[in-house]
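Enquirer: got a structure for you, letters missing:
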């Protein structure tokens, strides 16, 4: 069975895809760039340079592997700069891509909020219009009083007419 798996083409579990590798490398670049921008990195580099220069000037145990113009140290710095600059640019590009995605999401959310606000404003205007069309409590009371007065007046008039017709029937 092991031979069958070796003869069958496919993705190796030991090899990652290009997108996984670029993402891992991008995370490494961001971590590296973030670390290079810290005071701790500057402090460690300063300590390293001081020790390097001191050892090569004083020559402890007769070791002077990089005499005074410190050509080897300059070579190390040049190599570090040649690797760190592209890593920092890669980290900045990834951050720019993330910023573009966040900006697009923010614009989408702002548009949705604006649409929601417009909808709510229209709803509030419709409610205000409806409330203005509704009869107020005082208006209803006044109308009921007027109707009641008219009914009472009609009843009084009917009673009078009935009384006027029936007075002879009374003993």
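Expert: The structure has been received and is ready for your questions. Computed from a predicted model, the values in this text were never measured in an experiment.
Enquirer: what helices or strands is the top helix by length along the chain leaning on?
Expert: Under DSSP state H, the helix in the chain containing the largest number of residues is helix 71-133. On a contact count with 3 or more Cβ pairs under 8 Å, 6 or more residues apart in numbering; DSSP states H and E, helix 71-133 meets helix 18-36, helix 39-58. For glycine as for every other residue, the C-beta is placed from the backbone atoms N, C-alpha and C.
Enquirer: if we use 7 Å, what do you get?
Expert: With contacts taken as 3 or more Cβ pairs under 7 Å, 6 or more residues apart in numbering; DSSP states H and E, helix 71-133 sits against helix 18-36.
Enquirer: roughly how far is the helix it packs on from the heart of the chain?
Expert: Put simply, helix 18-36 sits 23 Å off its chain's centre (Cα atoms, centre = their mean, to the nearest Å).
Enquirer: could you do stretch 113-130 as well?
Expert: The answer for stretch 113-130 is 25 Å, by Cα atoms, centre = their mean.
Enquirer: repeat that for stretch 128-145.
Expert: 47 Å.
Enquirer: pLDDT on the longest helix of the chain, on average?
Expert: Per-residue pLDDT over helix 71-133 has a mean of 90.
Enquirer: was I right to think residue 52 contacts residue 72?
Expert: No: between residue 52 and residue 72 there is no contact under Cβ atoms under 7 Å: 8.7 Å.
Enquirer: those two: which has the busier surroundings?
Expert: Between residue 52 and residue 72, residue 52 has the larger neighbour count (other Cβ atoms under 10 Å), namely 16 against 13.
Enquirer: what's around residue 92, how many residues?
Expert: Residue 92: 13 surrounding residues under other Cβ under 10 Å.
Enquirer: next one: residue 124
Expert: Using other Cβ under 10 Å, residue 124 has 10 other residues around it.
Enquirer: for residue 33, same thing?
Expert: Residues near residue 33, counting by other Cβ under 10 Å: 19.
Enquirer: quick check, it in contact with residue 91.
Expert: Yes: with contact defined as Cβ under 7 Å, residue 33 and residue 91 form a contacting pair (3.8 Å).
Enquirer: quick check on residue 59: phi, psi?
Expert: The phi and psi values for residue 59, taken as degrees, to the nearest 10, are phi 80, psi 60.
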